[in-house]
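Visitor: Give the three-dimensional model of this entry:
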Amino acid sequence: MSMASQPVASLDVQAAYVEGPVLIGTCVSLVLLGVVSGQTVKFLSNSNGDSWRLRVYVSLVGTLVALQSIFDFVRLWQQAVTNFGFVEPPILLGLSLDLILVPIISFMVEAYYIHRLAALSKRNFFVLVPICTVLLSAFVLHITVTFEEQTFTAERVRKVILLYEVILPVYLVGDLLLTISTAAYLYHFRRNVLPQNATVVTQLIRLVFQTSTPATCSIIVNFIIALHFPDVPGVLAAKQWAGFGVNIVIPKLFAVSVLWTINARGDMDQRRKIQASDTIRHGPTRMAAESPSNPGFPRPNPSISFWLQGTRSSTLIGHHTTASLPEDVQDVVIIGGGFSGVATAYFLLKSKNSPARVTLLEAREVCDGATGRNGGHCRPVPFQSYARYKKSFGKEQALKIVENEKETLRLLTEIVHKEEIDCDFAPTSTYDILESSADAAIYASRLSEFVADGGKVDGIVEAFTTPAAAHSETGTARAVAAYKWQCCSLWPYKLVAALAQVALSEGLNLQTNTPVRSVVLDEALREGERLWVLHTDRGLVKTRKVVYATNAHTATLLPELGGPIYPFKGHAVALVPTKPFSGTMNRVQSSYNFTGDGGNYFFQRPKDGIFVVGGGRDAVNNDELLRTTDDGTVLPVAVQSLKETVQGAFGAERWGKEALGEGLLTAWSGIMGYSADSVPYVGPLHGKVNAYICAGHNGHGMARIMTCARGIAQLLEGATYEETGLPECFLPTKERLEKHSLVKDPNGGK
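Guide: Okay, here's the model as predicted:
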């Protein structure tokens with residue numbers, strides 16, 4: 001008998017076929033309702049780290065499923081009363097709300113998965129548009145069939161059955177496309193996950209079954225009914241009500257799917273917390289990649305520099321903005337509390353569109369690394385390194401590097417005055433002292449090349465190119481030639497601490513003594529986003545974006561940067577001046593840098609007359625300085641060289657005999673982050689989602705960090721690299737990393 005000529009069976013016949021599928025669907029529905037309720041309660045009980053939007057979404061899904069179950073019961077009661085002929089069909093709800101809720105719940109679930117795929121694919125419309133078109137078509141057809149089911153006639157029954165036979169395959173196609181696309185992107189991003197966290201394969205299998213099960217089960221059930229009852233009277237009604245029985249189950253299957261996916265993240269987080277607690281109890285063993293190029297973590301007992309000795313009562317020492325690490329997802333987490341990290345936080349939180357949740361994690365104390373141990377001045381280099389930069393990066397980039405250093409001094413001056421920072425800031429002049437004719441000739445050549453390429457020195461650089469002129473200007477008989485330009489001196493810790501206080505007042509969560517042991521990309525998704533999970537000795541922190549302001553220690557967390565960025569140990573001393581150099585009239589007004597002395601430099605502080613002297617490389621074997629992170633000791637020969645620098649510049653006779661309390665006040669060491677190509681790494685890390693770096697400043701950070709940190713803050717807010725004004729050669733591109741890498745990226749550089 002053809003379907004067209006098949007009569008609609010009596011109510012008794014209909015009832016015989018209706019009750020079976022409906023009762024089965026009801027029983028399964030009750031079980032799934034319990035699962036949905038349990039998953040909803042589980043999420044809401046453990047959702048402190050989730051946004052209110054996701055909590056509302058889960059609550060709404062759970063509520064709609066519960067309402068649909070209530071309406072199912074009412075509809076079943078109504079149908080039972082009608083089937084057994086007790087009364088005329090009652091009008092309990094008018095439009096059958098249970099049927100309408102089925103496509104609505106299905107749509108909400110599919111929307112979540114689409115949102116997640118959009119985040120994974122970075123809104124790849126070539127992927128999203130076809131899938132959205134298929135699923136939206138299924139939704140429209142589903143709404144249509146819902147209204148068609150309100151009237152029970154032979155013609156309507158045939159139409160409903162036909163629509164279902166179209167809807168279910170469309171749902172299946174859409175779900176499979178969605179699942180396969182999501183799995184493909186997850187597999188691609190798997191390369192950003194460290195091996196010990198790569199559970200993505202299990203997640204992919206789960207996703208395949210979760211997203212495709214509802215439509216697949218529906219098609220199978222309807223297909224079996226169509227095959228098994230081809231000529232039975234009342235089969236149209238039976239098929240319709242069998243479909244109704246399946247509809248009871250569909251929304252709960254969808255809800256279980258999405259809630260299982262969402263809650264899976266929490267289960268993974270719990271496992272990470274257990275791992276983190278094991279790390280706290282047993283110590284950080286092998287959490288970071290181990291290799292000859294791994295600098296390790298900052299040492300626990302560093303030397304105390306002159307700058308740190310004078311600030312031992314700082315409120316930032318041991319600072320924890322919150323007693324425990326934030327449990328909610330952070331917008332940005334900055335690793336490193338030196339100048340780079342703190343300045344990035346400052347610019348980020350002072351902007352008009354600053355993110356709501358910013359956390360800074362520091363392994364030791366604020367400004368306890370290279371900046372807190374430097375020479376205490378910001379000294380842009382106007383032309384001396386231009387030829388080297390030009391050879392490496394070309395004329396355009398070389399000129400941009402020089403201009404960037406000038407801009408850094410200007411910006412530093414502006415911020416100090418704007419924020420009224422008391423950091424002994426003093427504009428001054430500086431000299432490069434050339435101690436041989438060969439060095440003088442090299443400098444003259446560099447200056448000529450710089451000017452020929454369009455570099456500006458008029459009104460910026462003063463040249464003293466004869467020994468007589470150089471000696472008269474600088475006061476040192478060692479000078480064969482000298483070049484003079486503007487710089488500034490300051491107290492670096494006070495500068496960084498003041499910026500940190502401003503950032504704290506703007507909402508920064510600062511956590512000192514919290515070393516980050518590893519950073520991994522979460523395999524699961526949170527609101528359609530991949531999150532970074534930072535493992536520390538005090539627990540976990542999750543963030544959407546991460547900034548590595550880790551300088552010399554960068555390769556500990558990013559092993560692939562073991563070649564591009566490496567540690568180099570520097571020394572400095574503070575000297576109490578003898579009487580000939582004491583008093584306002586006798587103070588040395590400029591800072592000095594000696595090119596033939598291993599790079600020794602010094603300046604005399606205007607406020608207290610203390611000489612700060614740095615360098616000392618000429619007296620030390622380079623192997624004792626390269627790739628060491630021990631800033632808790634000093635090399636005596638380096639200290640001795642620095643002690644003699646001022647005397648060597650002006651003569652032992654002028655320096656005079658040191659009285660008790662004069663001469664060496666303190667000595668310290670610090671670890672600088674050097675880069676293989678002499679410029680820092682600033683910008684988004686190649687192949688790492690929402691990960692940025694500001695490191696490798698080559699002991700020249702004071703003349704670069706302010707603009708670099710501002711640039712990172714702008715990038716975090718969505719600016720292009722061009723808009724930051726930074727030289728493009730600072731970018732950590734794939735080619736630059738591979739050129740200098742000593743260690744293969746464990747994530748494949750993807």
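
Visitor: Can you get me the centre-to-centre distance for stretch 575-595 and its chain?
Guide: 45 Å (Cα atoms, centre = their mean, to the nearest Å).

Visitor: In that stretch, which of the residues would be classed as buried?
Guide: Neighbour counts over stretch 575-595 (16 or more other Cβ atoms under 10 Å) mark 575-578, 581, 588, 590-595 as buried. Where C-beta positions appear, they are placed from N, C-alpha and C, glycine not excepted.

Visitor: Dihedrals phi and psi, the residue nearest the centre of the chain?
Guide: Residue closest to the mean C-alpha point of the chain, counted by Cα atoms, centre = their mean, is Val546 at 1.8 Å. Note on Val546: its backbone torsions stand at phi -130, psi 140 [degrees, to the nearest 10].

Visitor: if I look at the nearest residue to it once chain neighbours are set aside, how far off is Gly632?
Guide: Nearest non-adjacent residue to Val546, counting by Cβ to Cβ, 6 or more residues apart in numbering: Trp532, 4.6 Å away. Note on Trp532: its distance to Gly632, by Cβ to Cβ, to the nearest Å, is 31 Å.

Visitor: More neighbours: which of the two?
Guide: Trp532 (22 against 13; other Cβ atoms under 10 Å).

Visitor: Show me the beta-bridge partners of the more buried one.
Guide: Leu521, Thr543 (DSSP bridges).

Visitor: these two touch, right, it and Val547?
Guide: No. Counting by Cβ atoms under 8 Å, Trp532 stays clear of Val547, with 10.3 Å between them.

Visitor: Now do the shared contacts for those two.
Guide: 333, 691 (Cβ atoms under 8 Å, 6 or more residues apart in numbering).

Visitor: Ile334 falls within a strand, correct?
Guide: Yes. Looking at Ile334 with DSSP: H, G, I helix; E, B strand; the rest coil, it is inside a strand.

Visitor: Just the pLDDT for it.
Guide: According to the prediction, Ile334 has pLDDT 99.

Visitor: Tell me how many other residues crowd it.
Guide: 33.

Visitor: how close does it get to Cys708?
Guide: Distance from Ile334 to Cys708, by Cβ to Cβ: 13 Å.

Visitor: One more: Ile304?
Guide: On the measure of Cβ to Cβ, Ile304 and Cys708 end up 27 Å apart.

Visitor: The two - which one has more neighbours?
Guide: Set Ile304 next to Cys708 and count neighbours by other Cβ under 10 Å: Cys708 wins out with 29 against 16.

Visitor: Is that one part of a helix or strand, or is it coil?
Guide: helix.

Visitor: neighbours of the residue nearest to it when sequence neighbours are not counted, just the number please.
Guide: Spatial nearest neighbour of Cys708, chain neighbours left out: Val682 (4.6 Å); criterion: Cβ to Cβ, 6+ apart. As a burial measure, Val682 scores 28 neighbours (other Cβ under 10 Å).

Visitor: Within the sheet, what are the partner strands of the helix or strand harbouring Val682, with directions?
Guide: Assigned by DSSP states H and E, Val682 belongs to strand 681-684. Partners of strand 681-684 in the sheet, by DSSP bridges, are strand 691-695 (antiparallel).

Visitor: how much space between Val457 and Leu447?
Guide: Val457 is 7 Å from Leu447, by Cβ to Cβ.

Visitor: can you check Gly562 too?
Guide: Gly562 is 36 Å from Leu447, where distance means Cβ to Cβ.

Visitor: Next: Ala719.
Guide: For Ala719, the distance to Leu447 - Cβ to Cβ - is 35 Å.

Visitor: okay, the two: which has more neighbours?
Guide: Leu447 (21 against 12).

Visitor: didn't the more buried one look like it was pressed against Lys456?
Guide: No. Assessed by Cβ under 8 Å, Leu447 is found out of contact with Lys456, at 11.7 Å.

Visitor: Make sure I have this right: Val519 is in a strand.
Guide: Yes. With three-state DSSP as the criterion, Val519 is part of a strand.

Visitor: Tell me the predicted confidence for it.
Guide: 95.

Visitor: Name the helix or strand of the chain that has the lowest mean pLDDT.
Guide: The weakest-scoring helix or strand in the chain, judged by mean pLDDT, DSSP states H and E, is helix 235-282 (a mean of 56).

Visitor: Break this protein into its domains for me.
Guide: 11-263, 319-374+493-564+678-740, 427-486+566-671 (automatic domain parsing).

Visitor: Deepest in the core, which of the ones you listed is it.
Guide: Across the domains of the chain, averaging neighbours per residue (mean count of other Cβ atoms under 10 Å) puts domain 319-374+493-564+678-740 on top, at a mean of 22.

Visitor: Could I get the full set of helices for the stretch 251-400 of the chain?
Guide: 306-309, 339-350, 386-393, 395-418 (DSSP state H, counting those that start in this stretch).

Visitor: so who does the residue nearest to Thr359 when sequence neighbours are not counted touch?
Guide: Nearest residue to Thr359, sequence neighbours excluded (Cβ to Cβ, 6+ apart): Asn509, at 4.3 Å. Asn509 sits next to 321-322, 326, 330, 357-360 when contact means Cβ under 8 Å, 6+ apart.

Visitor: Which per-residue confidence value corresponds to Asn509?
Guide: 98.

Visitor: ok, it to His377 distance?
Guide: Distance from Asn509 to His377, by Cβ to Cβ: 32 Å.

Visitor: Thr144 too?
Guide: On the measure of Cβ to Cβ, Thr144 and His377 end up 75 Å apart.

Visitor: swap in Tyr692?
Guide: Tyr692 is 28 Å from His377, by Cβ to Cβ.

Visitor: Excluding chain neighbours, what is closest to Ala444?
Guide: Thr465 (6.7 Å).

Visitor: ok, now Gln384?
Guide: Arg446 (6.0 Å).

Visitor: The one you found: helix or strand, and which one exactly?
Guide: Using DSSP H and E, Arg446 falls in helix 437-452.

Visitor: cool, and Leu499?
Guide: With DSSP H and E as criterion, Leu499 is part of helix 492-505.

Visitor: now what about that helix, what contacts it?
Guide: With contact meaning Cβ under 8 Å, 6+ apart, helix 492-505 is reached by 307-308, 310-311, 314, 316, 321, 337-339, 342-343, 345-346, 349-350, 358, 360, 366-367, 371-372, 374, 376, 415-416, 419, 421-425, 508, 510, 702.

Visitor: Nothing else from me, thank you.
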